[in-house]
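> Structure, please.
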Amino acid sequence: MQNSTQAANAWRILFLLFLANLFNFFDRTIPAIIIEPIRMEWHLSDFQLGIIGTAFTLVYAIAGLPLGRMADTGSRSKLMGWGLAAWSGLTAVNGLVGSFWAFLIVRMGVGIGEASYAPAANSLIGDLFPAHRRARAMGIFMLGLPLGLLLAFFTIGWLVKAFDSWRAPFFIAAVPGLVLAIFMFFIKEPKRGAAESVQVSQERVDRPIRRVLAVPTF
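Next up, the predicted model:
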């Protein structure tokens, strides 16, 4: 009975993680869809438009390293909760700004918030599901990527037209993210290595980055 209860709880948490991943990719896709109205309002060059995506990507990649380390050592539910609240809140702020540079800075903040999610979620899934179910769980989790993009491309243009403003999608997208952030804080985390059939050592690994880089296939 306990195992079936734990399995059901793991699938519920996975569904929550999937939804958050879906809105992760939904939120980050908004500027790409409404870039033309933004260009016209602020009279932007192609170079400035390119900076928006480039700055987001660089910040997302760099911030992922320390945030991944935090996921290894701290509370993953809190990291995901605060990260989700941050990127959703800043997504709404993107709809309020009045200049290109303010939009760019806020967008970089969104990148930091979103960078907190994937490392923590992947780590949590590894502890929720045993090896023979983990690939399936990861497949469901990663469905958030294409479905988030699909939802964005099917709805963002309609929202802009319905509200006659390119800012509307930013406000609307922030709402489900903020609601999901609350649920993240209530996730009861399993013990690290709980889903492994072999006991995992909890000792600190010396120079982990160097050890990973020493693997020839890596």
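> okay, CA-based contacts and neighbour counts for the rest of this
Fine.
> which sections of the protein are below the confidence cut-off?
1-2, 194-202 (pLDDT under 70).
> The protein: helices as residue ranges?
2-33, 35-42, 46-73, 76-94, 100-115, 117-128, 131-142, 144-163, 168-184, 208-213 (DSSP state H).
> Make CSV out of those helices and add distance to Lys191 and mean neighbour count.
Below are the helices of the chain laid out as CSV (distance: least, CA to CA, whole Å; neighbours: other CA atoms under 10 Å):
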stretch, distance to Lys191, mean neighbour count
helix 2-33, 13, 18
helix 35-42, 44, 14
helix 46-73, 12, 16
helix 76-94, 11, 24
helix 100-115, 23, 21
helix 117-128, 7, 22
helix 131-142, 16, 15
helix 144-163, 25, 16
helix 168-184, 17, 19
helix 208-213, 21, 10
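> Dump these to TSV, plus distance to Arg192.
Listed next are these as TSV, based on distance: least, CA to CA, whole Å:
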stretch	distance to Arg192
helix 2-33	14
helix 35-42	42
helix 46-73	9
helix 76-94	11
helix 100-115	21
helix 117-128	6
helix 131-142	14
helix 144-163	24
helix 168-184	18
helix 208-213	17
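> Nearest to Gly193, out of the ones you listed?
helix 117-128 (5.5 Å; CA to CA).
> returning to that earlier point: tell me which of the helices of the chain approaches Pro190 most closely.
Going by CA to CA, the one of these nearest Pro190 is helix 117-128, 6.3 Å.
> Packing partners of that closest one?
In terms of contacts (3 or more CA pairs under 8 Å, 6 or more residues apart in numbering; DSSP states H and E), helix 117-128 is packed against helix 2-33, helix 46-73, helix 76-94, helix 131-142.
> just so I know, which of those lies nearest Gly148?
That would be, of these and by CA to CA, helix 2-33, which comes in at 4.4 Å.
> Check which helices and strands that closest one sits against.
So helix 2-33, by 3+ CA pairs under 8 Å, 6+ apart, packs with helix 76-94, helix 117-128, helix 131-142, helix 144-163, helix 168-184.
> of all those, which lies closest to Phe100?
So among the helices and strands packed on helix 2-33, helix 76-94 is nearest, using CA to CA, at 10.2 Å.
> Also compute the angle for that closest one relative to helix 46-73, please.
Between helix 76-94 and helix 46-73, the angle comes out at 160 degrees (axes from the mean of the first three to the mean of the last three CA atoms, to 10 degrees).
> Just give me how far helix 76-94 sits from the chain centre.
9 Å (CA atoms, centre = their mean, to the nearest Å).
> That one versus helix 117-128: what angle between them?
Computed by the same axes, to 10 degrees, the angle between helix 76-94 and helix 117-128 is 150 degrees.
> Now do helix 76-94 against helix 2-33, angle only.
Using the same axes, to 10 degrees: helix 76-94 against helix 2-33 is 20 degrees.
> elements contacting helix 76-94?
So helix 76-94, by 3+ CA pairs under 8 Å, 6+ apart, packs with helix 2-33, helix 100-115, helix 117-128, helix 168-184.
> who wins for proximity to Thr91 among those?
helix 168-184 (5.5 Å).
> And the closest one, what does it pack against?
helix 2-33, helix 76-94, helix 144-163.
> Which among the ones you listed is found nearest to Arg69?
helix 76-94 (10.7 Å).
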